[in-house]
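Colleague: I'd like to go over a predicted model; first the sequence, then the structure.
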Amino acid sequence: LKKAFIKTLLKPGAKIDQYVLSAERERMTKAMKNKGFYNFSKEYVTFELDTTIGEKKVNVKQIIENPKTKYISKIGLDSLVESTHSPHTVRNIYLNAEHRKNIDFGLKLDTIDYENIKIIYHGKLEYRKELLIKNIFVKKDEFYSLENTEYTYTRLSGLKTFKFINIRYEKNYEYPNSLDCYIMLSASQKKSFTIETQGTHRGGNLGVAATAITRNKNSFRGAEVFEVKLKGGLEAQSLTDEEKLDLAVQNEGKKGLATTLFNTLEYGAEISLFVPELVYPKKSALLPRYTEPKTNIGIGYNYQKRPFYDRWIFNVGLKYHWRLGQFHKFVFSPIDLSYIDIEKDSVFAARLKEIDNTFLSNSYSAHLIPSR
């Protein structure tokens, strides 16, 4: 606990501030709880202020008081019995991976013991036990730690597949100063299907679009999310008089999309797999504590029919997402490629040649883009 006192918020020469004293009580309480003192509370942290030294200076003494228990004797006399703070160790860890399904106590529950954690389930375990264990940082026979408990909650929440997570501790009466940890998980809905519609307004061009999304959570028993997205839209693209004349020449005697009100068409599909872990060879001991780890693997196809050209876009990507602390989010994309193919009509091609702008001509030619 010496490190906890070294990191005190009370600094020599600083003004006495009740908010600093309150923050110091909170900090010390967390430090004690991270060292196994499960029953410790901020009421045990007090300060003794000595103003007798003069020169408008105050000596501040931080005190950790011992717990006191009220005791009533056989003859009815009561007294306070003082004891010492004792650290608690974690004796057993129980993980109920399907808490809401198993809430009916008439169900026969199965238990497997894996890496010192007792996993409770009914029927077939819906999640790979390796996935569950790697996101639990409460350890058997180690001191209770509030920090490890909160980090376990954060990592389990980051899986995005549980709608209910509860971590609680109960005293183990068989072993002195021991706690049993109970982790209760309730899965959210596994499959979902949504349709989104919208009106678009881009550069004065009005249109309509729709997207159909289907998601399957826990696709491979690893809390993965497999997502398929289909989208399409129509747009009324405004044209200049010169463009209308070119279009009339190109489509003389024809009836099609280019001659209607909605003269542009776009549709496509995206397939994504979200894995709640950073999928690459690594030694976890070399990494700092991160939250919301996710690997996103995706491929996509998009077709665009414009008045003067057709365009096809193919893309593939591999991205890693993670957070360090509350304010730092990282995205690393080792693979992010897009291939664009385009087919121009003869009038538009002649117009580009007439303009003779290399940059403009290249933008309407097939090319590979290393990032989007």
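Modeller: Structure's in. What do you need?

Colleague: Residue 43 belongs to a strand, doesn't it?
Modeller: No: looking at residue 43 with DSSP: H, G, I helix; E, B strand; the rest coil, it is helix, so not inside a strand.

Colleague: residue contacts, it?
Modeller: Contacts for residue 43 (CB atoms under 8 Å, 6 or more residues apart in numbering) come out as none. Where C-beta positions appear, they are placed from N, C-alpha and C, glycine not excepted.

Colleague: Relative to residue 268, how far out is it?
Modeller: 61 Å (CB to CB, to the nearest Å).

Colleague: tell me the secondary structure for the closest residue to residue 275 other than its chain neighbours?
Modeller: Beyond its immediate neighbours in the sequence, the residue positioned closest to residue 275 (CB to CB, 6 or more residues apart in numbering) is residue 295, lying 4.4 Å away. Local secondary structure at residue 295 is given as strand here, using three-state DSSP.

Colleague: what's around the spatially closest residue to residue 309 that is not a sequence neighbour, how many residues?
Modeller: Nearest non-adjacent residue to residue 309, counting by CB to CB, 6+ apart: residue 344, 4.5 Å away. Taking other CB atoms under 10 Å as the neighbour definition, residue 344 ends up with a count of 17.

Colleague: start to end distance for stretch 42-58?
Modeller: Between the opening and closing residues of stretch 42-58 we find a distance of 22 Å, counting by CA to CA, to the nearest Å.

Colleague: next one: that stretch to chain centre, how far?
Modeller: 44 Å (CA atoms, centre = their mean, to the nearest Å).

Colleague: before we move on, what about stretch 143-163?
Modeller: Taking the mean of its C-alpha atoms, stretch 143-163 sits 12 Å from the chain's own mean (CA atoms, centre = their mean).

Colleague: How about stretch 162-169?
Modeller: Averaging C-alpha coordinates over stretch 162-169 and over its chain gives two centres that are 16 Å apart (CA atoms, centre = their mean).

Colleague: cool, and stretch 163-180?
Modeller: In this view, stretch 163-180 has its centroid 27 Å away from the chain centroid, taken as CA atoms, centre = their mean.

Colleague: then it to PDB, C-alphas only?
Modeller: What follows is stretch 163-180 as a C-alpha-only set of coordinates in PDB (Å, rounded to 0.1, in the frame of the first residue of the first chain):
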ATOM      1  CA  LYS A 163     -28.000  -7.400 -22.900                       C
ATOM      2  CA  PHE A 164     -27.500  -8.100 -19.200                       C
ATOM      3  CA  ILE A 165     -24.200  -8.400 -17.300                       C
ATOM      4  CA  ASN A 166     -23.900  -8.700 -13.600                       C
ATOM      5  CA  ILE A 167     -20.800  -9.300 -11.400                       C
ATOM      6  CA  ARG A 168     -21.300  -9.800  -7.700                       C
ATOM      7  CA  TYR A 169     -19.300 -11.200  -4.800                       C
ATOM      8  CA  GLU A 170     -20.500 -13.200  -1.900                       C
ATOM      9  CA  LYS A 171     -18.600 -14.200   1.300                       C
ATOM     10  CA  ASN A 172     -17.300 -17.700   1.400                       C
ATOM     11  CA  TYR A 173     -18.000 -19.000   4.900                       C
ATOM     12  CA  GLU A 174     -15.900 -22.100   4.500                       C
ATOM     13  CA  TYR A 175     -12.600 -20.100   4.000                       C
ATOM     14  CA  PRO A 176     -11.900 -17.000   6.100                       C
ATOM     15  CA  ASN A 177     -11.500 -13.800   4.200                       C
ATOM     16  CA  SER A 178     -12.600 -15.400   0.900                       C
ATOM     17  CA  LEU A 179     -15.100 -14.400  -1.700                       C
ATOM     18  CA  ASP A 180     -17.000 -16.200  -4.400                       C
END
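
Colleague: Please work out the average pLDDT along it.
Modeller: Here the mean pLDDT over stretch 163-180 is 93, rounded to a whole number.

Colleague: buried ones in it?
Modeller: With burial defined by 16 or more other CB atoms under 10 Å, the residues of stretch 163-180 counted as buried are 165, 167, 172, 178-180.

Colleague: which of those sit farthest apart?
Modeller: Spatially, the most separated pair among those is 165 and 178, at 23.5 Å (CB to CB).

Colleague: quick revisit: the residue nearest to residue 309 and residue 366: what is the separation?
Modeller: If you measure residue 344 against residue 366 using CB to CB, the figure is 11 Å.

Colleague: Could you do residue 307 as well?
Modeller: 20 Å.

Colleague: likewise residue 321?
Modeller: Distance of residue 321 to residue 366, computed by CB to CB: 31 Å.

Colleague: just residue 124 next, same as before
Modeller: Look at residue 124 and residue 366: by CB to CB, they are 50 Å apart.

Colleague: Check the contact between residue 339 and residue 301; I expect there is one.
Modeller: No: assessed by CB atoms under 8 Å, residue 339 is found out of contact with residue 301, at 10.4 Å.

Colleague: okay, and the common contacts of these two?
Modeller: When contacts are counted by CB under 8 Å, 6+ apart, residue 339 and residue 301 are jointly contacted by 313-314.

Colleague: For residue 169, list the residues it contacts.
Modeller: Residue 169 touches 38, 144, 179-182, counting by CB under 8 Å, 6+ apart.
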